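*Asks:* model this:
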Amino acid sequence: MGEKNFFKKSNLFNKDSFYVILFICLCIVAVAAVVITRNNNNVSKKLGEVKVTEETKKTEPNNDPTLIQEKNKNNTVPASNLPKQSVSTNPQNSNNNSNNNSATKQQGSVVSFKLQKPLDGQIKKPFEDSKPLYNQTLDQWETHEGIDIEADLGTEVKAAADGKVVKIFKDDKIVNTINKTGYGVTVVIDHGNGYQTVYCNLSEDLKVKEGQKVTKGQVIGVVGDTSIRESVAIEGSHLHFMVLKKNGKEYIPVDPTKFLK
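*Replies:* Next up is the predicted model:
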């Protein structure tokens, strides 16, 4: 009897222990489920915040003054993201367009800057900066960076446009340099727009001084016999007239007939 009671009590104890352990396990499972659920909710919230942040960044305007261009795999800026005037499939065409624009501007400046002929007379020797012309005085072929206007000795020479006399000198030496010399008494007038006019082979009896302002048509001197490069005795009396255009820090000769009315 004693053994039976002992086994009955043991069975009861085992059953109770089983239920207790089962209850504890259920509690652990429940707690774990709650924890996992909370973690999932937190993760979802964070993901939602990240998405919202990314969308906000996409929609918010970029106030950064530095322009950042999107690049493709080849590390080149897509043409669609560049300003329209910068998009060019042919660099040569772009250069041609730039050259055409520059040429147009230069032509416009030539058209807008008109000169009065410094004296009446026929052009006996034209401007030629590429094809050599024969120089009778020196008995040689050379380019001619001006025009020779036929006129008698003593003929009045007038300023071709308003300006300021910036230089007066007597060019009485012939030096073998790029810039030809020996054109006699010379007056240079600056017109304040990147152009200068040069009057050569004048008489020493000038009507202007360096630094003096002059107006178009004002007499600056008369045709003389001072040039040793183009001797009056050999080539006849004339005015050697030049137009210089500013090119960087220097002035280059251009065809005067492009500016004469």
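*Asks:* any idea how far the closest residue in space to residue 123 that isn't next to it in sequence is from residue 130?
*Replies:* Nearest residue to residue 123, sequence neighbours excluded (C-beta to C-beta, 6 or more residues apart in numbering): residue 147, at 5.1 Å. Bear in mind the C-beta positions are built from the backbone N, C-alpha and C, glycine included. From residue 147 across to residue 130, the span is 15 Å (C-beta to C-beta, to the nearest Å).
*Asks:* who has more neighbours, those two?
*Replies:* Each of residue 147 and residue 130 has its neighbours counted (other C-beta atoms under 10 Å); residue 147 has more, 21 against 5.
*Asks:* Contact partners for the more buried one?
*Replies:* Going by C-beta atoms under 8 Å, 6 or more residues apart in numbering, residue 147 touches 123, 125-127, 240-242, 255-257.
*Asks:* ditto for residue 132
*Replies:* Each residue near residue 132 by C-beta under 8 Å, 6+ apart is listed here: 141-143.
*Asks:* now the residues you listed in CSV, with secondary structure, neighbour count and distance to residue 21?
*Replies:* CSV is the format used below for the contacts of residue 132 (DSSP: H, G, I helix; E, B strand; the rest coil; neighbours: other C-beta atoms under 10 Å; distance: C-beta to C-beta, whole Å):
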residue, secondary structure, neighbour count, distance to residue 21
141, strand, 10, 122
142, strand, 13, 120
143, strand, 14, 116
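*Asks:* Mind putting those into JSON lines with pLDDT and distance to residue 25?
*Replies:* Shown next, in JSON lines, are these (pLDDT from 0 to 100; distance: C-beta to C-beta, whole Å):
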{"residue": "141", "pLDDT": "94", "distance to residue 25": "117"}
{"residue": "142", "pLDDT": "92", "distance to residue 25": "115"}
{"residue": "143", "pLDDT": "93", "distance to residue 25": "111"}
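*Asks:* ok, these vs residue 232, which is closest?
*Replies:* The shortest approach to residue 232 among those belongs to residue 142, at 18.4 Å (C-beta to C-beta).
*Asks:* Touching, that closest one and residue 180? I think so.
*Replies:* Yes - taking C-beta atoms under 8 Å as the definition, residue 142 is a contact partner of residue 180 at 7.3 Å.
*Asks:* Sort out which residues of stretch 145-158 are buried, please.
*Replies:* Neighbour counts over stretch 145-158 (16 or more other C-beta atoms under 10 Å) mark 145-151, 155, 157-158 as buried.
*Asks:* OK, contacts around the nearest residue to residue 145 once chain neighbours are set aside?
*Replies:* Spatially, and ignoring its direct neighbours in sequence, residue 145 is nearest to residue 253 (3.8 Å; C-beta to C-beta, 6+ apart). Applying C-beta under 8 Å, 6+ apart to residue 253 gives the contacts 127, 129, 145-146, 242-245.
*Asks:* Assign residue 210 to helix, strand or coil.
*Replies:* coil (DSSP: H, G, I helix; E, B strand; the rest coil).
*Asks:* what about it, how many neighbours?
*Replies:* So residue 210, with other C-beta under 10 Å, has 12 neighbours.
*Asks:* ok, it - contacts?
*Replies:* Contact partners of residue 210, counting by C-beta under 8 Å, 6+ apart, are 165-168.
*Asks:* Pull out the buried members of those residues.
*Replies:* Among the contacts of residue 210, those buried by neighbour count (16+ other C-beta under 10 Å) are 165, 168.
*Asks:* Among the contacts of residue 210, find me the one that's closest to residue 117.
*Replies:* Residue 117 lies nearest to residue 165 out of the contacts of residue 210, by C-beta to C-beta, at 18.9 Å.
*Asks:* Report the contact partners of the closest one.
*Replies:* Applying C-beta under 8 Å, 6+ apart, we find residue 165 in contact with 187-189, 208-214, 220.
*Asks:* at 7 Å instead, please
*Replies:* 187, 189, 208-212, 214 (C-beta atoms under 7 Å, 6 or more residues apart in numbering).
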